[in-house]
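J.: Give me a 3D structure for the following:
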Amino acid sequence: MKKFKNVFLLVLFVCCSFSGFSQTETAVQTDLKKKLIELFPKAEVSEIKNLEGYTESYQLILEEPLDHKHSEKGTFKHYIYLSHVDFNSPMVIETHGYNAGNIKSEVSKLLKANQVAVEYRFYGKSRPNPIPWQYLTNDQAIEDYHNITTKLKELYKGKWISTGISKGGETALIYKSKYPNDVAVAMPYVAPLINTQEDPRTVEHVKIVGTPECRAKITHFQRALLQNREGLLKEITAYGDKEKMTFTEVSIDEALEYATLEFPFSFWQWGAKCEDIPVEGASPAALFDYLNKVVGISTYNDQKYFDYLPSYYQHMTELGYYGFDFEPVSDLLKTVKSTSNSRFAPKGVDNTYNPEYIKKVRKFVETKGNKILYIYGGYDTWGSCSPTPNPKLDALKMVLPGGSHSTRVKNFPKEDQEKIRATLDRWLK
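T.: You can find the predicted model right below:
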């Protein structure tokens, strides 16, 4: 009987303990949501599914000012995603360059950190219709990030790290140059800082990267595409019909020529393999399949054209971009007349390029940019536009030989991964 009584008391104790634990957890969750509502009183705050390693996650839809200097100009709905582990752990702010989803960044995994993923203004769900183009500037976007960081620092007391990939990494560098004290560390991935509206370094890169044999195969493939024009146009048409794509903004003829001109850039950017390039005499179907695999003909359909308008606007006005090399196929082109990507920028809008904007960002990160950890792939076309930090800076630039635009810390050899981690640990002490 006594033994039974002890077992009963033990079960009662365990049940009460779990009940108390459950109530405590609920209280903590409620407390965080309450704090978020207090910080962002005009926002819609809703719980979302946790990513691995997090205890609470929220989607916040902010009423973001169109113009941070003139609140009377109105607002737009700005989507961000917060994932919580601990108020005293590091916080990673991912400065997405385009649309954003609730995906755990590599930096957040490395540091077991909290994370806030911020969609870039006027992209994805954060896109007003119509877009007020005059407010789509990097400075306005940086104010978005600065205000979000400033508010969330009231809750999250650990070290802050900014990160982003490609245009998002470029945004992280711009953010660091404008508000150097907002984050302790910036860790951009494959981030270009582009010199001009058509940066010639990208064209030079594809002329020297890889082997002469591989570059010759690329040129041969480009020419084969346009020498088999009628067959390729039929393949694109059939593919578009199958995938329910329309090509009214950019015609199918244009799509073929632009994709052909784009091919060398994308080939090296995404780490395609020379041995996979179709052999001489390949059918139009085989040529199209490989072109579609590397470039993606969907890039030129009406939906993607619409989706990418904000990106091309920013590249043409502030960020700069790359141009096309006509030399390998100039005798075969019929439709495309300009080497510029301005064809894809919004029409009826002032797309005047400001060459000074990125120059100032580059000067800062190369001469004053301490505690910036750069990740690049050696073959990536955008790597040709990477900054070169002064050796006297406490910064680290890691380039993976043969790596692509998909290069991440996990792709480096073990000793390099250890170097990256040791540097982060030192900076975040």
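J.: The helix-or-strand element of the chain with minimal mean pLDDT: what's the following helix or strand?
T.: Of all helical and strand segments in the chain, the minimum by mean pLDDT, DSSP states H and E falls on helix 2-39, at a mean of 56. Next helix or strand after helix 2-39 toward the C-terminus (DSSP states H and E): strand 44-47.
J.: Give me the contact list for that next one.
T.: 33, 36-37, 56-61 (C-beta atoms under 8 Å, 6 or more residues apart in numbering). Using the backbone N, CA and C atoms, a C-beta is placed for each residue, glycine as well.
J.: Buried residues in stretch 313-326, which are they?
T.: For stretch 313-326, burial by neighbour count (16 or more other C-beta atoms under 10 Å) applies to 313-325.
J.: Oh, that last question was meant for stretch 264-282, not what I typed.
T.: Within stretch 264-282, the residues scored as buried using 16+ other C-beta under 10 Å are 264-272, 277-278, 282.
J.: pLDDT below threshold where in the chain?
T.: Scanning the chain for pLDDT under 70 picks out 1-30.
J.: domain ranges for it?
T.: Domain ranges of the chain: 35-194+357-427, 200-344, per automatic domain parsing.
J.: can you map out the strands along the protein?
T.: For the chain, applying DSSP state E gives strands covering 44-47, 56-65, 75-84, 91-95, 114-118, 160-165, 185-189, 373-377, 396-400.
J.: What is the distance between the last one and the centre of its chain?
T.: It stands for strand 396-400. 18 Å (C-alpha atoms, centre = their mean, to the nearest Å).
J.: helices or strands next to that strand in the packing?
T.: strand 373-377, helix 414-427 (3 or more C-beta pairs under 8 Å, 6 or more residues apart in numbering; DSSP states H and E).
J.: What lies in contact with that strand?
T.: 372-378, 383, 386, 388-389, 407, 411-412, 416, 419-420, 423.
J.: what sits up against stretch 140-148?
T.: 62, 64, 66-68, 78, 80, 93, 95, 116, 118, 120-121, 162, 171, 174-175, 178-179, 182.
J.: again, 7 Å this time
T.: 64, 67-68, 78, 80, 93, 95, 116, 118, 120-121, 171, 174-175, 178-179, 182 (C-beta atoms under 7 Å, 6 or more residues apart in numbering).
J.: Just the buried ones from those?
T.: If we count by 16+ other C-beta under 10 Å, the contacts of stretch 140-148 have these buried: 64, 67-68, 78, 80, 93, 95, 116, 118, 120-121, 171, 174-175, 178-179, 182.
J.: just the buried residues of stretch 313-326 now: which is nearest Phe288?
T.: Phe324 (19.7 Å; C-beta to C-beta).
J.: And that closest one, how far from Ser340?
T.: 8 Å (C-beta to C-beta, to the nearest Å).
J.: Repeat that for Gly323.
T.: Taking C-beta to C-beta, one finds Gly323 at 6 Å from Ser340.
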